[in-house]
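Trainee: next one to model:
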Amino acid sequence: MMKRFVLSLCFLSLSVVGTLRADDNLVQVAASNGQFKTLVNLLVVTKLDKVLQSHDEFTVFAPTDEAFAKLPPETLASLLEPAGRETLKSILKAHVVKGATSLGDLQRPAEGKPLKTLEGTTFRLIGDGLQPKFGNAQVIVPNVKASNGIVHVINEVLMPGPKQENIVEIAKSAGSFNTLLAALTAADLANVFAGETPYTVLAPTDEAFAKVPKATLESLLMPENKETLVRILKYHVIAGAVSAKDAIGASKARTLEGSPVSFELRDGMLSVNDAKVVKNDLSASNGVIHVIDTVLMPPSNVGSGKRTSAYAPAKQVMSVPAAKKCPNQ
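Mentor: Coordinates of the predicted model:
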């Protein structure tokens, strides 16, 4: 099998060669360098070389030949078998991120910021300086520019882990957010929070919703009260991924509803408005969830700073202007 693997790599020589030029695309940069023969051959096998030679911009975390040599030969050989091609493709896509991201864009204070790969999983920056780690790999040569992106040379092959769930999937898996999920569905917002745009959701549990009078909750779920329901739900959402630490530091954050919520520590426990955060920093593929024990109600009058009671009838909640983005934390 080892012999067949070596012959396969020899047979799959790349046709894209030449000296490095400013207008070289990502694949041409890798091929011209000379230390990415295995990577380039594997890209050809999976036809991902076509993707990385397109006009779209990508960031490639490129393992060297030495990095691939650290893998057991039988592992690479099995990946080249027809049955292993999809797995091989997934591994390679785990090294690619949409957009051109330089190393400087990934320095602190971006530590912990997830990078979503084409494969669908995420990995995070670990450490700082000129040689941070991504997953288990260290960047040994950063910011190699191509006409359609950037290459960061790494010394380990990144192996994708289990796919991270999005906000809606996490809520479903937890089993304690059934009312919230029903409300999101009634408000036609479930698909929004299952997408790729990052959000911070202040998620009331079923117990939190149980504090709201049953008649009020049933009224909110009626089609004629959809606008009010949307406004209340958007008051639980902040644009971008805001950690508990960042929330405390900022003290306030503007919600998608347009009004801000206030964060503070009370007896060592994080709170948002009048609700306690019972669990924080649940990481999702598209943001973060902070679990709260009380349903938040937006101000009854925009700019008044006065909030409606969680037990007020739905008809007392007024409409608001278009949502604004959360300020920088």
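Trainee: hey, let's count contacts and neighbours off CA atoms from now on
Mentor: OK.
Trainee: got the residue ranges for the helices in this protein?
Mentor: Shown for the chain, the helices assigned by DSSP state H span residues 2-11, 26-33, 37-46, 48-51, 65-69, 73-80, 85-93, 167-174, 178-186, 206-210, 214-220, 226-234, 244-250.
Trainee: count the residues that sit near V45.
Mentor: 17 (other C-alpha atoms under 10 Å).
Trainee: and the gap between V201 and I170?
Mentor: In this view, V201 and I170 are 12 Å apart by C-alpha to C-alpha, to the nearest Å.
Trainee: who's more crowded, the two?
Mentor: Shown here are V201 and I170; by other C-alpha under 10 Å, V201 has more neighbours (26 against 18).
Trainee: give the bridge partners for the more buried one, please.
Mentor: Beta-bridge partners recorded for V201 (DSSP bridges): V237, I289.
Trainee: so how far is F61 from it?
Mentor: For V201, the distance to F61 equals 31 Å [C-alpha to C-alpha].
Trainee: do the same with N143
Mentor: In this view, N143 and F61 are 10 Å apart by C-alpha to C-alpha.
Trainee: with Y235 instead?
Mentor: 38 Å.
Trainee: re earlier: which of N143 and F61 has more neighbours?
Mentor: Of the pair N143 and F61, F61 is the one with more neighbours under other C-alpha under 10 Å, namely 26 against 18.
Trainee: and that one, what does it touch?
Mentor: Applying C-alpha atoms under 8 Å, 6 or more residues apart in numbering to F61 gives the contacts 95-96, 151-154.
Trainee: how about a cut-off of 6 Å?
Mentor: 95, 151-153 (C-alpha atoms under 6 Å, 6 or more residues apart in numbering).
Trainee: again with L43
Mentor: D49.
Trainee: what ranges do the strands span in the stretch 201-329 of the chain?
Mentor: 237-239, 252-254, 260-266, 269-272, 275-284, 287-292 (DSSP state E, counting those that start in this stretch).
Trainee: neighbouring contacts of the second one?
Mentor: The set of residues that contact strand 252-254 without belonging to it, under C-alpha under 6 Å, 6+ apart, is 260-263, 326.
Trainee: which of those sits closest to L48?
Mentor: Nearest to L48 among the contacts of strand 252-254, counting by C-alpha to C-alpha, is C326 at 36.7 Å.
Trainee: quick one: the strands in the stretch 51-200 of the chain?
Mentor: Listed in chain order, the strands of the stretch 51-200 of the chain (DSSP E, counting those that start in this stretch) span 58-63, 96-98, 114-116, 122-126, 133-134, 137-146, 149-154, 199-204.
Trainee: give me the mean pLDDT for the fourth one.
Mentor: The one in question is strand 122-126. Computed over strand 122-126, the mean pLDDT rounds to 64.
Trainee: same check on the third one?
Mentor: In this model, strand 114-116 has a mean pLDDT of 73.
Trainee: repeat for stretch 87-96
Mentor: For stretch 87-96, the per-residue pLDDT averages 93.
Trainee: what residues of it count as buried?
Mentor: Going by neighbour count (16 or more other C-alpha atoms under 10 Å), the buried part of stretch 87-96 is 88-96.
Trainee: before we move on, back to that, and the contacts of F61, which is closest to V242?
Mentor: Among the contacts of F61, H95 lies closest to V242 (C-alpha to C-alpha), at 25.4 Å.
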